[in-house]
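Participant: this one's structure only:
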């Protein structure tokens with residue numbers, strides 16, 4: 001028994017098919033593994049007493065409840081600047097940030113969480129009436145984070161620099177204590193109205209809020225700023241504060257993420273943030289009940305406007321989930337395109353059919369001519385006739401080659417014609433050989449001259465010597 005070994009082409013094909021099987025299997029395996037493994041996302045959310053941290057803890061609990069494959073770890077930090085640095089250093093996937101702090105290129109937007117207000121609380125005995133009165137005073141404010149940058153934005157607008165002030169406090173808590181210990185004349189916060197830490201400070205009755213009047217000018221300098229008001233009596237207690245509405249500036253607190261964070265994971269976080277706010281609120285303790293109401297202010301990323309960072313693809317997918325598809329949104333235009341496409345397709349198909357019919361007709365004509373010459377082969381009785389028929393075959397072949405170059409006949413028709421043309425040529429050779437053989441036989445016969453026999457007389461001749 002003969003064993004047929006695979007040739008090089010078969011081996012290459014086997015290797016390619018094998019590689020494809022391995023790649024498809026690996027892709028399916030990775031997809032299954034990625035869908036079932038636990039994804040850990042770190043969310044940098046500022047200080048533990050801040051609204052964004054409290055809200056983030058509730059969000060993390062509900063995300064893990066609805067999406068067990070996602071583990072959302074909330075990390076305490078020093079504020080916006082540190083949060084953005086953690087994103088840039090790839091030590092966090094998500095973060096909360098003030099919208100007035102430049103986010104840098106490694107940031108995508110998920111949502112607007114709520115509005116923070118610039119709140120300036122001063123001691124009653126510090127004799128401070130407005131922001132300009134802070135010059136030379138001691139401010140309870142950590143020299144880092146978004147709050148510090150917001151303070152400098154106001155100071156620079158009024159012609160001041162950081163050197164015009166003294167700062168105390170490593171964090172909000174120590175800064176507040178410095179105010180209570182008279183080591184600080186004022187505290188500056190960028191926090192939501194009703195902030196629990198500020199409320200505790202207000203209830204000590206050591207000071208009051210002062211306005212930030214330069215709202216319009218600040219917005220010109222930074223479009224992220226918006227005119228706002230600290231409402232009268234928003235901080236309760238024995239003596240509710242403030243006693244009147246206090247003009248100030250507000251800035252959005254946003255939820256951002258690294259652009260390379262999984263689109264599926266960001267979709268899940270965004271979905272929970274917008275669809276499951278009641279559950280998130282239930283996860284916030286009664287001591288921080290004021291933070292629950294901030295969930296009502298959560299808005300889509302597009303609400304930020306201005307020079308906002310690009311929206312993360314995962315969040316965009318969630319926001320666009322109910323939007324009509326392009327086909328439905330542009331039904332008339334799409335219908336016109338479909339109609340035109342059908343017409344063009346029909347025209348192209350009919351044109352190709354016409355060309356194919358013409359090519360077939362021309363190929364059939366050449367074939368008919370060759371078949372006609374085939375039928376004449378057996379009737380040829382001289383080398384001259386054979387040479388003439390061969391000349392006709394060469395003319396047909398030449399025309400067919402030219403027609404093939406011009407794409408006037410198909411390659412298949414030309415190959416069929418070639419096979420029949422070859423058969424006719426072979427028959428001509430055989431016919432020529434037969435005629436040559438017959439001529440050779442005739443030429444080999446003896447060449448003898450024979451006289452033509454004359455008429456024979458039947459009359460009886462007289463014997464020799466007879467007398468007439």
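Facilitator: Sure thing, it's come through. Just so it is clear, the model here is predicted, and its values are computed rather than measured. Numbering: from 1, shown residues only.

Participant: Identify the residues contacting residue 301.
Facilitator: 109-112, 308, 311-312, 315-316, 319 (Cβ atoms under 8 Å, 6 or more residues apart in numbering). No exception for glycine: its C-beta is placed from N, CA and C like everyone else's.

Participant: Most neighbours out of those, which is it?
Facilitator: Among the contacts of residue 301, the one with the most neighbours (other Cβ atoms under 10 Å) is residue 312, at 28 neighbours.

Participant: so what's residue 132 closest to, chain neighbours aside?
Facilitator: Excluding the flanking residues, the one nearest residue 132 by Cβ to Cβ, 6 or more residues apart in numbering is residue 158, at 6.0 Å.

Participant: cool, and residue 267?
Facilitator: Spatially, and ignoring its direct neighbours in sequence, residue 267 is nearest to residue 314 (4.2 Å; Cβ to Cβ, 6+ apart).

Participant: May I ask which helix or strand encompasses the one you found?
Facilitator: Secondary structure assignment for residue 314, by DSSP states H and E: helix 313-319.

Participant: which outside residues touch that helix?
Facilitator: For helix 313-319, using Cβ under 8 Å, 6+ apart, the contacting residues are 108-111, 261-271, 274, 300-302, 311.

Participant: PyMOL command for the buried members of these?
Facilitator: Buried subset of the contacts of helix 313-319, written as a PyMOL selection, criterion 16 or more other Cβ atoms under 10 Å:
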select buried, resi 108+109+110+111+261+265+266+267+268+269+270+271+274+300+301+311
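
Participant: I'd assumed residue 424 was in a helix, is it?
Facilitator: Yes - using DSSP: H, G, I helix; E, B strand; the rest coil, the assignment for residue 424 is a helix.

Participant: so how far is residue 414 from it?
Facilitator: 15 Å (Cβ to Cβ, to the nearest Å).

Participant: neighbour-wise, which of those two wins?
Facilitator: residue 424 (22 against 17).

Participant: Quick one: residues contacting that one.
Facilitator: By Cβ under 8 Å, 6+ apart, the contact list for residue 424 reads 370, 373-374, 377, 393.

Participant: Tell me where the model's unsure across this structure.
Facilitator: Residue ranges of the chain with pLDDT under 70: 1-14, 17, 27-37, 237, 306, 324-334, 446-468.

Participant: okay, now the domains of it?
Facilitator: Domain ranges of the chain: 32-323, 332-440, per automatic domain parsing.

Participant: Out of the ones you listed, the one nearest residue 15 is which?
Facilitator: Closest to residue 15 of those is domain 32-323 (Cβ to Cβ; 26.1 Å).

Participant: how far out from the middle of the chain is the closest one?
Facilitator: Its chain's C-alpha centre and that of domain 32-323 lie 32 Å apart, by Cα atoms, centre = their mean, to the nearest Å.

Participant: Apart from its neighbours in sequence, what residue is nearest residue 277?
Facilitator: Closest to residue 277 by Cβ to Cβ, 6+ apart is residue 295, at 4.5 Å.

Participant: where does that neighbour fall, phi/psi-wise?
Facilitator: Here is the backbone geometry of residue 295 (degrees, to the nearest 10): phi -60, psi -20.

Participant: and it, how many neighbours?
Facilitator: Residue 295 has 20 neighbours, counted by other Cβ under 10 Å.
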